[in-house]
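> Fold the following.
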Amino acid sequence: MNKDYLIKATAYDGMVRAYAIQSTELVEEARKKQDSWATTTAALGRTLTITALMSAMLKGDDKLTIKVEGDGPIGAIVTDGNAKGDVRGYVLNAHVDFELNEQGKLDVRRAVGTNGTVSVIKDLGLKDYFTGQVPIVSGEISEDFTYYFATSEQIPSAVGAGVLVNPDHSVLAAGGFIIQVMPGATDDVITQLEKQLASFPSISILISEGATPEEILERLFGDVKLNIHEKMPVQFKCTCSKERFERAIISLGKEEIQSMIDEDHGAETVCHFCNTTYYFTEEELEALVVQSK
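Prediction:
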């Protein structure tokens, strides 16, 4: 039974929009699919957590893809999600780990790198995609997305995501929040919110104490009335299929497919996201040659 979920809420009479999530099982499923080591799991898990929160801002069949491409040893982190709570992700080099940093935490910054870009591509069902890209400002992921919202979407936001990993590399806890100030918010509201965020404990500590998404926001907003509008499940879900890989192979063209038949007598493809392997026999490839241009 999947226990992961997120909530959508508002506070200060709608002047502040808030999202919070428990994403432990989502991140653990991704870790198992990627066979990632602790520091990599933290980087991928933070990105997946934020992807789920940002996907919850979408509507209908809208989708988004996120790429964190730093100069650190893990290479690119790629995630995507939809408005239904389905999220998936992978990292280029899953087997990266370090000693804990000076704060006694997993050294995500070192794994991701401090030079590079964060890209968000939204498929809103229109002809053109919305694409926003900003430079990496810290490599810690949360700060990078706080900067993304302020710069690319012009929405003052506070983003927090945390992942705690057990000694055996499994995920102990994961979760996060996004708080956004809406147009028309008063200076008093902004000042009060900044004060609350400044004294807010580490999201990882709250998660390790078993705080629910509701409790995270209640603690953050204190005495201010919180209106919870929706609670929705989130889960790791891959959309790959043999049919999708068939279409990809067809797009390679007749010559490329024929060389697979002549040289390899078949083909093997692996999904980056879930590591499922799909096999194609010579006969199946010959049928795809007929369909290609």
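
> Quick one: the helices in the protein, in order.
24-34, 38-55, 108-112, 142-152, 187-198, 203-208, 213-221, 242-250, 254-259, 282-291 (DSSP state H).

> For the fifth one, which outside residues touch it?
Outside of helix 187-198, the residues that reach it under the criterion Cβ atoms under 8 Å, 6 or more residues apart in numbering are Tyr12, Met15, Val16, Pro156, Ala158, Ile179, Val181, Leu220, Phe221, Gly222, Val224. In short, each C-beta sits where N, CA and C put it, glycine included.

> quick one: average pLDDT of it?
Mean pLDDT, computed over helix 187-198, is 90.

> middle-most residue in the chain, spatially?
By Cα atoms, centre = their mean, the chain has its centre lying nearest to Leu48, at 2.3 Å.

> What score does it have for pLDDT?
Leu48 is assigned a pLDDT of 98 by the prediction.

> quick one on the thing from earlier: nearest to Met1, out of the helices of the chain?
Of all the helices of the chain, the one in closest proximity to Met1, counting by Cβ to Cβ, is helix 24-34 (9.5 Å).

> angle of that closest one against helix 38-55?
Helix 24-34 runs at 130 degrees relative to helix 38-55, counting by axes from the mean of the first three to the mean of the last three Cα atoms, to 10 degrees.

> List of residues touching helix 24-34?
Residues from elsewhere that reach helix 24-34 (Cβ under 8 Å, 6+ apart): 2-4, 36, 40-41, 44-45, 48-49, 52, 87-91, 94, 163, 169-175, 207, 234-236, 238, 273-275.

> before we move on, back to that, same list as before, the helices of the chain that is, but in a markdown table and with distance to Ser119 included.
Below are the helices of the chain laid out as a markdown table (distance: least, Cβ to Cβ, whole Å):
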| stretch | distance to Ser119 |
| --- | --- |
| helix 24-34 | 19 |
| helix 38-55 | 12 |
| helix 108-112 | 14 |
| helix 142-152 | 9 |
| helix 187-198 | 26 |
| helix 203-208 | 24 |
| helix 213-221 | 27 |
| helix 242-250 | 22 |
| helix 254-259 | 28 |
| helix 282-291 | 32 |
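
> which of the ones you listed sits most buried?
The highest mean neighbour count among the helices of the chain, using mean count of other Cβ atoms under 10 Å, belongs to helix 38-55: a mean of 29.

> roughly how far out does it sit from the chain middle?
Averaging C-alpha positions (Cα atoms, centre = their mean, to the nearest Å) puts helix 38-55 4 Å from its chain's average.

> Would you confirm that Gln235 contacts Leu6?
No: using Cβ atoms under 8 Å, Gln235 makes no contact with Leu6, being 11.0 Å away.

> residues contacting Ser292?
Contacts for Ser292 (Cβ under 8 Å, 6+ apart) come out as Ile250, Ser251, Leu252, Gly253, Lys254, Ile257.

> Please tell me how far the nearest residue to the last one once chain neighbours are set aside sits from Lys242.
Just to be clear, that refers to Ile257. Excluding the flanking residues, the one nearest Ile257 by Cβ to Cβ, 6 or more residues apart in numbering is Val289, at 5.0 Å. Per Cβ to Cβ, to the nearest Å, Val289 is found 17 Å from Lys242.
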